[in-house]
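Q: Build the 3D model from these lines:
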Amino acid sequence: MKPKRQSQLIDVIIPAYNEEGAIGNVIEAIPKQLVREIIVCNNRSTDNTRTVAEAAGATVLDEDRPGYGWACLKGMAHCSNQDVLPDIVVFLDGDFSDYPEQMPLLVDPIICDAADMVIGSRASGEKEKGSMTPQQIFGNWLATKMIKVLYGVTFTDLGPFRAISWEALTAIDMQDKTYGWTVEMQVKAAKLGLKTIEVPVKYKKRIGVSKVSGTVKGTLLAGYKIITTILKYSLTKTKR
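A: Numbering: from 1, shown residues only. Below you'll find the model as predicted:
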């Protein structure tokens, strides 16, 4: 790797829906010396997610339109309105299933100009037993195989814990508002020829019940959206 560039501004975006039991732990575990701002995008929570996140020191934005992608786009809009844009954005879930203290593993390759985007791979890392459902494991396998066939790029996971340079994120022009967010980012990065790598990360059982994999409806909707997103962008041209 090249030597690290100095003074990299790193912002963290955390979409959150009813994560009052977990969000404080997530914020506490983030290496504070590494980041400029922690942005929690409160996606129509009916519990105390906002209060807990603010008490832990995060900037909290309210996004009333339901959807993972809507929440992430809210955070991106906030970053784009800053006087000084971030160099790197880290996306992280609010359920405390990831290990935020592993953030240096994701941002260091970008800081060293070895990657434009880094995916935290649960598939190649250490997973706590029961942390991923069988349908999640199969879905990741199927999606990454489809990406390999259609785009010629190898991934092992669609993990939500990821880092990307602001320049690359802007070039990707994210559009998805719901379940297709992570896979849209990966297939568009592949089409643009961005430098993307994976690093193994640890993964544990989340706090609370998943709003996606924890329900049959959520699992089916997410699976359908992921597959259609992969197919959609294989048939369209990505803006450069």
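Q: Read off the pLDDT value for the closest residue to residue 158 other than its chain neighbours.
A: Distance criterion Cβ to Cβ, 6 or more residues apart in numbering; nearest residue to residue 158, sequence neighbours excluded, is residue 182 at 4.6 Å. Every residue, glycine included, has its C-beta placed from N, CA and C. Looking at residue 182, its pLDDT stands at 96.
Q: What separation do you get for residue 54 and residue 16?
A: Here the criterion is Cβ to Cβ, to the nearest Å. By it, residue 54 lies 12 Å from residue 16.
Q: Out of those two, name the residue with the larger neighbour count.
A: residue 16 (26 against 16; other Cβ atoms under 10 Å).
Q: and that one, what pLDDT?
A: The model's pLDDT for residue 16 equals 97.
Q: which residues does it bridge with?
A: residue 42 (DSSP bridges).
Q: can you confirm residue 163 is in a helix?
A: No. Residue 163 is assigned strand when assessed by DSSP: H, G, I helix; E, B strand; the rest coil, not a helix.
Q: quick one on the thing from earlier: and the residue nearest to residue 158, how many residues sit next to it?
A: 23.
Q: tell me which element the residue found closest to residue 197 once you drop the neighbours it is linked to in the chain falls in.
A: Among residues not flanking residue 197 along the chain, residue 115 sits closest, at 4.7 Å (Cβ to Cβ, 6+ apart). Counting by DSSP states H and E, no helix or strand carries residue 115.
Q: try the one 5 residues further on
A: In this structure, residue 120 sits in strand 117-121 according to DSSP H and E.
Q: quick revisit: got the contact list for the residue nearest to residue 158?
A: 158, 159, 160, 162 (Cβ atoms under 8 Å, 6 or more residues apart in numbering).
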